[in-house]
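> structure of the sequence below:
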Amino acid sequence: MSTSYATKVGERLRVVRKQKRMSLQAVESASQHEFKASVLGAYERGERAISVPRLQRLARFYNVPVDQLLPRDLGPEGPSWATNGEGNTVDIREEQSSRIGNDDGRIALDLTRLESLGAPERELLSRYVGMIQLQRQDFNGQVLTIRTEDLRAIACLFEATPEGMHRRLDQLGLIQQATV
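A predicted model of the protein is given here:
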């Protein structure tokens with residue numbers, strides 16, 4: 001593994017850990033010392049290469065798909081993701097396009113509430129939310145901001161209007177706050 005690739009893997013490991021709002025010490029403690037803070041820090045700095053089995057165990061610990069701990073292929077256009085000021089990973093291209101012409105109608109979904117939901121909508125909503133998280137590489141697990149087009153797609157899944165789906169999400173207690 002080249003040094004630069006190890007560094008990129010380390011950056012992804014750090015981004016996901018920070019999205020989980022965990023310190024290196026918290027990971028060590030919560031993993032019952034399987035992932036020592038000093039070793040995980042060395043992985044994150046690119047000083048040590050992580051083995052595939054260990055990467056799989058770390059992905060399982062973070063509850064994310066293993067491929068999300070690896071850097072994306074940069075290709076000719078460069079990276080499509082970056083970390084914003086809050087430590088969350090954002091899709092640069094999506095953020096840029098949303099700022100250009102579509103910055104209204106965003107809804108923050110309470111993902112903790114979704115997990116505990118007993119309503120019949122839970123399974124389908126969870127699957128769709130999971131797809132959005134994969135696409136955006138956003139694994140904080142607490143809140144997910146959905147855009148107008150996401151709400152339209154969810155409404156289609158439930159054969160409802162976007163307004164009706166918004167009301168249903170609100171009735172289920174899933175809307176945490178409106179964002180601009």
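> so which helix or strand of this protein has the lowest pLDDT on average?
In the chain, the helix or strand scored least confidently by mean pLDDT, DSSP states H and E is helix 92-101, which has a mean of 35.
> distance from the next helix or strand after it to the middle of the chain?
Remark: after helix 92-101, the chain's next helix or strand is strand 106-110, criterion DSSP states H and E. When distances are taken as Cα atoms, centre = their mean, to the nearest Å, strand 106-110 is centred 14 Å away from the chain's centroid.
> give me the helices and strands touching strand 106-110, please.
strand 143-146, helix 162-171, strand 175-179 (3 or more Cβ pairs under 8 Å, 6 or more residues apart in numbering; DSSP states H and E). C-beta: built from backbone N, CA, C; applies to glycine.
> and it, C-alpha only, in PDB?
The C-alpha trace of strand 106-110 is given here as PDB (Å, rounded to 0.1, in the frame of the first residue of the first chain):
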ATOM      1  CA  ARG A 106     -35.100  20.700   3.300                       C
ATOM      2  CA  ILE A 107     -36.200  18.600   6.200                       C
ATOM      3  CA  ALA A 108     -34.100  17.100   9.100                       C
ATOM      4  CA  LEU A 109     -35.200  13.500   9.800                       C
ATOM      5  CA  ASP A 110     -34.700  12.200  13.300                       C
END
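> and the pLDDT for the most centrally placed residue in the chain?
Residue closest to the mean C-alpha point of the chain, counted by Cα atoms, centre = their mean, is residue 138 at 1.5 Å. Per-residue confidence (pLDDT) for residue 138: 77.
> any idea how far it is from residue 123?
For residue 138, the distance to residue 123 equals 20 Å [Cβ to Cβ, to the nearest Å].
> please apply the same query to residue 47.
Relative to residue 123, and taking Cβ to Cβ, residue 47 is found at 42 Å.
> neighbour count winner among these two?
Remark: of residue 47 and residue 123, residue 47 carries more neighbours, 13 against 10, as counted by other Cβ atoms under 10 Å.
> quick one: the more buried one is in a helix?
No: assessed with DSSP: H, G, I helix; E, B strand; the rest coil, residue 47 is coil; it does not lie in a helix.
> now do the same contact list for it.
Contacts for residue 47 (Cβ atoms under 8 Å, 6 or more residues apart in numbering) come out as 6, 10.
> which SSE is immediately downstream of the lengthiest helix in the chain?
In the chain, with assignment by DSSP state H, the single longest helix is helix 3-19. The element immediately downstream of helix 3-19 (helix or strand, assigned by DSSP H and E) is helix 24-30.
> now for that following helix, which elements pack on it?
Using 3+ Cβ pairs under 8 Å, 6+ apart, the elements in contact with helix 24-30 are helix 37-44.
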